[in-house]
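A.B. asks: model this:
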Amino acid sequence: MYYDDFNIEDYDENWDFNKVVNGILNKEVDERTSAVKKALDTYKKNYKQAIENIESQKATIKELQNKVPNSTVYTDFINALDKENVANFIRLIYTPDFKEENSFDYAPVWFQLVINYYRNKDKVIEILKSAGIDVPDSAKYLRLPFDWDAEEITSFISHTYNGYITNGCIFGGNIGFWYQTKLWNDPMRNCSSQYMYVPWQFVLRNPILNSKKFCKQMAAEINKGDCGLYYTKIAEYQKLDKENLDAMVGEINIKKLKKPEQYTIDLLFDGIDAITDTEQLDALYTLVRGKYKAIDYILKMPKSYLKKFLHDENVDAKRIILELNDITQEEKIELLKDFI
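C.D. replies: Sure, this is the predicted structure:
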């Protein structure tokens with residue numbers, strides 16, 4: 001209500017109600033229309049300025065694009081790239097996906113760089129060629145083993161017995177050996193060769209392995225020993241779904257394991273719920289009983305193994321019980337009864 005426009009002294013008994021109402025409405029419309037026009041003018045001004053800025057930027061970019069290819073600085077820069085410094089230049093532009101070393105310089109520099117900058121391999125190849133480095137056309141078709149399909153991975157598993165790599169370079173420092181096979185672009189022939197030298201660190205990253213079918217196949221190879229045991233390092237390269245991990249661990253014959261690597265032990269305890277056979281659990285207990293901080297492993301096993309461990313370590317049993325943080329006070333008291 002516009003009370004400021006109403007003055008009691010100006011009151012006229014003949015006033016027209018409709019005229020007053022229309023006057024108020026017209027004033028409201030005029031004020032709102034004025035505000036909208038003002039906002040529209042501001043918008044137009046800002047929009048025009050924005051368009052002008054964009055056009056200016058386009059002109060600047062075009063000018064730079066025209067100058068750079070003809071610049072002597074650009075030409076000198078490209079000419080200065082060579083085998084010795086091109087890796088440093090690429091490192092300034094891209095973040096490496098891997099940090100694989102060229103074992104014994106068995107592989108050319110382009111092979112190492114294409115692997116280490118795999119996600120940007122096409123761009124890296126262009127830079128290498130600009131630096132005058134001879135890169136074969138086949139380089140752009142390189143597929144690391146984590147990009148192999150099911151048939152290719154099946155072939156690898158079927159030839160696990162050929163999986164050893166010179167000097168024990170199983171999970172690193174092996175790309176030079178792989179290059180020497182000349183089969184890195186032909187997975188099927190590569191896997192069936194006597195010395196396939198396929199880098200395990202890339203095989204174990206393949207998401208296809210995260211399935212019950214392939215987990216059981218890997219377990220079968222693990223039970224054969226030798227190169228098959230390398231599959232137990234898979235948890236360091238990818239996280240298996242619990243059902244697939246359980247399928248794998250549940251198939252492993254722990255009784256056959258002799259002095260297994262730490263990563264093998266870790267895999268077994270990651271899937272401890274799948275180990276239900278008493279003989280297998282006894283074998284696992286034997287493997288970890290003498291390890292550093294063995295109690296950490298024992299606590300993940302069925303409770304009967306905690307009691308067994310305490311009796312086996314009778315001299316330190318009380319101290320071990322009192323230092324336990326993963327059981328209740330009541331459980332500690334119950335355990336202590338056997339040693340009082």
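
A.B. asks: Name all residues that make contact with the closest residue to R119 other than its chain neighbours.
C.D. replies: Distance criterion C-beta to C-beta, 6 or more residues apart in numbering; nearest residue to R119, sequence neighbours excluded, is D97 at 5.5 Å. From N, CA and C alone the C-beta is placed, and that goes for glycine too. Residues near D97 by C-beta atoms under 8 Å, 6 or more residues apart in numbering: N116, Y117, Y118, R119.

A.B. asks: Got the confidence number for the first one?
C.D. replies: Spelled out, that is N116. On pLDDT, N116 comes in at 97.

A.B. asks: quick one: it and E101 touch, right?
C.D. replies: No - N116 lies out of contact with E101 (C-beta atoms under 8 Å); the separation is 9.5 Å.

A.B. asks: more crowded one of the two?
C.D. replies: N116 (22 against 15; other C-beta atoms under 10 Å).

A.B. asks: wait, what's in contact with the more buried one?
C.D. replies: Neighbours of N116 in contact, by C-beta under 8 Å, 6+ apart: P96, D97, F98, K99, E100.

A.B. asks: Is it possible to mark the buried ones in these?
C.D. replies: Neighbour counting with 16 or more other C-beta atoms under 10 Å marks P96, F98, E100 as buried within the contacts of N116.

A.B. asks: could those go into CSV alongside secondary structure, pLDDT and distance to L284?
C.D. replies: As requested, those are exported to CSV (DSSP: H, G, I helix; E, B strand; the rest coil; pLDDT from 0 to 100; distance: C-beta to C-beta, whole Å):
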residue, secondary structure, pLDDT, distance to L284
P96, coil, 96, 38
F98, coil, 97, 34
E100, coil, 95, 34
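
A.B. asks: Same list (those) but as JSON lines, adding distance to F309.
C.D. replies: Converted to JSON lines, those look like this (distance: C-beta to C-beta, whole Å):
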{"residue": "P96", "distance to F309": "45"}
{"residue": "F98", "distance to F309": "41"}
{"residue": "E100", "distance to F309": "42"}
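
A.B. asks: Specify which member of the residues you listed is nearest to Q329.
C.D. replies: Nearest to Q329 among the buried ones among the contacts of N116, counting by C-beta to C-beta, is F98 at 49.4 Å.

A.B. asks: my guess is the closest one meets R119, correct?
C.D. replies: No - contact criterion C-beta under 8 Å: F98 and R119 do not qualify, at 10.1 Å.

A.B. asks: Which parts of this structure belong to which domain?
C.D. replies: Following automatic domain parsing, one gets these domains for the chain: 3-70, 72-142, 289-340.

A.B. asks: highest average neighbour count across the ones you listed?
C.D. replies: Of these, the one with the most neighbours on average (mean count of other C-beta atoms under 10 Å) is domain 72-142, at a mean of 15.

A.B. asks: Alpha carbons only: can I get stretch 324-333 in PDB?
C.D. replies: What follows is stretch 324-333, C-alpha atoms only, in PDB (Å, rounded to 0.1, in the frame of the first residue of the first chain):
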ATOM      1  CA  LEU A 324      46.200 -58.000  23.100                       C
ATOM      2  CA  ASN A 325      44.000 -55.200  22.000                       C
ATOM      3  CA  ASP A 326      41.600 -57.100  19.800                       C
ATOM      4  CA  ILE A 327      39.800 -59.000  22.500                       C
ATOM      5  CA  THR A 328      37.600 -58.000  25.500                       C
ATOM      6  CA  GLN A 329      38.700 -58.000  29.100                       C
ATOM      7  CA  GLU A 330      36.500 -61.000  29.800                       C
ATOM      8  CA  GLU A 331      38.200 -62.900  27.000                       C
ATOM      9  CA  LYS A 332      41.600 -62.100  28.400                       C
ATOM     10  CA  ILE A 333      40.600 -63.300  31.900                       C
END
